[in-house]
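> I'll drop the sequence and a predicted model, then ask my questions.
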Amino acid sequence: MHFTLQKSEIAKKSSVKITGSKSESNRLLLLQALYPEFKLENVSNSDDSNLMTNALSSKSEIVDIHHAGTAMRFLTAYFSIQEGRETVLTGSKRMKERPIKILVEALQELGAEISYEENEGFPPIRISGKKLIKNKVSLKANVSSQYISALLLIGSKLENGIELTLEGEITSVPYIKMTLSLLDEIGFNTSFEHNIISVKPNTAQLKSKLLTVESDWSSASYYYSIAALSDVGTEITLSSYKQNSLQGDSALVEIYKHFGVSTVYNKNKITLKKEVSSLEQLSLDLKDAPDIAQTIAVTCFALGIPCDLVGLHTLKIKETDRLVALKTEIEKLGGEVEITDKSLYLKASKDINSMVSIATYNDHRMAMAFAPLALKTSLIVEDAMVVSKSYPTFYDDLESLGFEITK
Ligand SMILES: O=C(O)C1=C[C@@H](OP(=O)(O)O)[C@@H](O)[C@H](O)C1
Ligand SMILES: C=C(OP(=O)(O)O)C(=O)O
């Protein structure tokens, strides 16, 4: 269903409670399935986390994880060590185009039995769960950090733990560190030095524990964009966040200072405040925070600020080719964009075309990144509920700020 977002004004002060981080939730759900002794709170209510929960308790041979990339990668590792269980792990049409060979080969090297059901290197895959004996493997680290996190998550269950040697440039590093920090928090021993990562085997009895998932920083990015597009003095309070986040997208705090958005931490809340800014152009390397590239590109377009974004080599294999999708949709609105396989350059623009229909390509972040534009002009968001992949209540929360949305 398409939603129309009328040109809107938002309240001077508003607040929103955002669901738990999808990335933290999907790691912790898997770890909880391996180690039932701990409990979780503020788990993400996203489709992807619900799919993860259901997949982990599924008894059927075919497990379909739709568009959920982290679930696909993490569950490939998980089902590889479920001794005696045969699983066909599949997903949406797009999931069948998202590569998994690097992870499958690493698991096979450790002794896993995995075969391709359709195209070599891509889901669906058939996994015959067994005990993995080996513990050392090398893999390419510049395609997706999710392969590395998947291996680390099961590492503690292997007889001798796991030791990974990462080849080439390491991408999306904060997501790897998040995995290690969560393992540390539960009580495992991990290390990450240069290009070697290890998780020691689980020997001692783990203590039961309540773990609280921090709210999602990628979801917060849309409010940073809204604040950047708002009048000076506008304040938006978001919960529940912490200053020492495990999520790399908390880089938003520094990045949005360029747009005049300051962040004040108060207990478990952050307040974004729009101040005067004189930004003329922006250059950023987003290899550590790929999921906020769309948000930042649209913020710059809305403000008529040229930007040069690099480190975007992972964007082509996400929910859609996000580089092509951004170029196509920003150009419909009147902008001019140049892309390569790993970068995006947006020229300065003055006018924004009105009532443009934004295609979302089964990508939640396309819908959410363009929605703040309603502060500048009316627009249509196609297949608007695509947002449920990570943030099901997105439009209700925008309405609470003052956005006028015709559903
Ligand atoms: O591990 C994770 O939770 C994620 C890692 C990142 O993927 P890549 O490492 O493929 O860039 C990110 O884009 C994705 O949304 C979530
Ligand atoms: C890339 C994303 O998710 P995934 O890879 O888990 O599908 C995302 O949420 O932006």
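Thanks, I have the structure now. Ligands and ions are numbered 1, 2, ... in the order given.

> for stretch 125-137, which outside residues touch it?
Contact with stretch 125-137 is made by 76, 79-89, 100, 104, 106-107, 109-117, 151, 155, 158-165, as judged by Cβ atoms under 8 Å, 6 or more residues apart in numbering. Glycine gets a C-beta too; all of them are placed from N, C-alpha and C.

> show me which residues of the stretch 1-150 of the chain sit near ligand 1.
When proximity is defined by Cβ under 6 Å from any ligand atom, the stretch 1-150 of the chain lies next to ligand 1 at 23, 70, 144-146, 149.

> which of these sits closest to ligand 2?
The nearest member of those to ligand 2, counting by Cβ to the nearest ligand atom, is residue 70 at 3.7 Å.

> dihedrals phi and psi, that closest one?
The phi/psi pair for residue 70 (degrees, to the nearest 10) reads phi -60, psi -40.

> OK, contacts around it?
With contacts defined as Cβ under 8 Å, 6+ apart, residue 70 is in contact with 22-23, 26, 48, 52, 146, 149.

> now residue 219
Counting by Cβ under 8 Å, 6+ apart, residue 219 makes contact with 18-19, 368, 390-391, 394.

> out of these, which is most surrounded?
For the contacts of residue 219, the largest number of neighbours (other Cβ atoms under 10 Å) sits with residue 368, at 28 neighbours.

> ok, now which ones touch that one?
By Cβ under 8 Å, 6+ apart, the contact list for residue 368 reads 219, 222, 295, 387, 391, 394.

> can you list the domains in this protein?
Listed domain ranges for the chain are 3-20+214-406, 22-212 (source: automatic domain parsing).

> does residue 319 count as helix, strand or coil?
coil (DSSP: H, G, I helix; E, B strand; the rest coil).

> give me phi/psi at it?
For residue 319, the backbone dihedrals are phi -50, psi -30 (criterion: degrees, to the nearest 10).

> residue contacts, it?
Contacts of residue 319 by Cβ under 8 Å, 6+ apart are 67, 69, 94, 361-365, 389.

> what do you get if the cut-off is 10 Å, keeping everything else the same?
Shown in contact with residue 319 (Cβ atoms under 10 Å, 6 or more residues apart in numbering): 67-69, 92, 94-95, 98, 325, 360-366, 386, 389-390.

> please tell me how far the residue nearest to it when sequence neighbours are not counted sits from residue 293.
Excluding the flanking residues, the one nearest residue 319 by Cβ to Cβ, 6 or more residues apart in numbering is residue 363, at 3.9 Å. Going from residue 363 to residue 293 by Cβ to Cβ, to the nearest Å gives 12 Å.

> quickly list what's touching both of the two.
With Cβ under 10 Å, 6+ apart as the test, residue 363 and residue 293 both reach 318, 322, 369.

> if you rank these by neighbours, which is first?
Going by other Cβ under 10 Å, residue 369 tops the shared contacts of residue 363 and residue 293 with 29 neighbours.

> skipping adjacent residues, who's closest to that one in space?
Distance criterion Cβ to Cβ, 6+ apart; nearest residue to residue 369, sequence neighbours excluded, is residue 294 at 3.7 Å.

> and for residue 172?
Distances taken as Cβ to Cβ, 6+ apart place residue 145 nearest to residue 172, at 3.7 Å, with adjacent residues excluded.

> what mean pLDDT does stretch 170-190 have?
Stretch 170-190 carries an average pLDDT of 96.

> looking at the contacts of residue 219, which are in helices?
Judged by DSSP state H, helices contain the following of the contacts of residue 219: 368, 394.

> check the offset of stretch 281-289 from the chain's centre.
In terms of Cα atoms, centre = their mean, to the nearest Å, the centre of stretch 281-289 is found 16 Å from the chain centre.

> now do the same end-to-end measure for stretch 182-191.
Stretch 182-191 has its terminal residues 13 Å apart, counting by Cα to Cα, to the nearest Å.

> same thing with stretch 92-103?
For stretch 92-103, the separation between the terminal residues is 19 Å (Cα to Cα).

> which helix or strand contains the residue nearest to residue 369?
Secondary structure assignment for residue 294, by DSSP states H and E: helix 293-303.

> how about that helix as PDB, C-alpha atoms only?
Output of helix 293-303 as PDB, limited to C-alpha atoms (Å, rounded to 0.1, in the frame of the first residue of the first chain):
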ATOM      1  CA  ALA A 293      24.000   6.100   4.200                       C
ATOM      2  CA  GLN A 294      20.500   6.500   2.800                       C
ATOM      3  CA  THR A 295      19.500   8.700   5.700                       C
ATOM      4  CA  ILE A 296      22.500  11.000   5.300                       C
ATOM      5  CA  ALA A 297      22.200  11.200   1.500                       C
ATOM      6  CA  VAL A 298      18.500  12.300   1.800                       C
ATOM      7  CA  THR A 299      19.200  14.800   4.600                       C
ATOM      8  CA  CYS A 300      21.900  16.400   2.300                       C
ATOM      9  CA  PHE A 301      19.500  16.500  -0.600                       C
ATOM     10  CA  ALA A 302      16.700  18.000   1.400                       C
ATOM     11  CA  LEU A 303      19.000  20.800   2.700                       C
END
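
> so what does it touch, helix or strand wise?
Counting by 3 or more Cβ pairs under 10 Å, 6 or more residues apart in numbering; DSSP states H and E, the packing neighbours recorded for helix 293-303 are helix 217-228, helix 252-255, strand 282-285, strand 307-310, helix 322-332, strand 344-346, helix 364-370.

> which residues touch the shortest one?
Think strand 344-346. So strand 344-346 is in contact with 281-283, 286, 293-294, 296-298, 300-301, 304-310, 312, 315, 322-323, 326-327, 330, 335-339, going by Cβ under 10 Å, 6+ apart.

> ok, the second one next?
With contact meaning Cβ under 10 Å, 6+ apart, helix 252-255 is reached by 217-218, 220-221, 223-225, 241, 243, 245, 249, 261-263, 265, 270, 272, 282, 284, 286, 289, 292, 295-296, 299.

> near ligand 2, which residues of the stretch 1-150 of the chain?
When proximity is defined as Cβ under 6 Å from any ligand atom, the stretch 1-150 of the chain approaches ligand 2 at 67-70.

> farthest pair within those residues?
Greatest spatial distance among those (Cβ to Cβ): 67 and 70, at 10.6 Å.

> between those two, which contacts overlap?
48, 51.

> what sits against the residue nearest the centre of the chain?
Central residue of the chain (Cα atoms, centre = their mean): residue 291, 5.5 Å from the mean position. Shown in contact with residue 291 (Cβ under 10 Å, 6+ apart): 22-23, 172, 175, 216-219, 221, 247-249, 314-315, 318, 322, 365, 369, 390.
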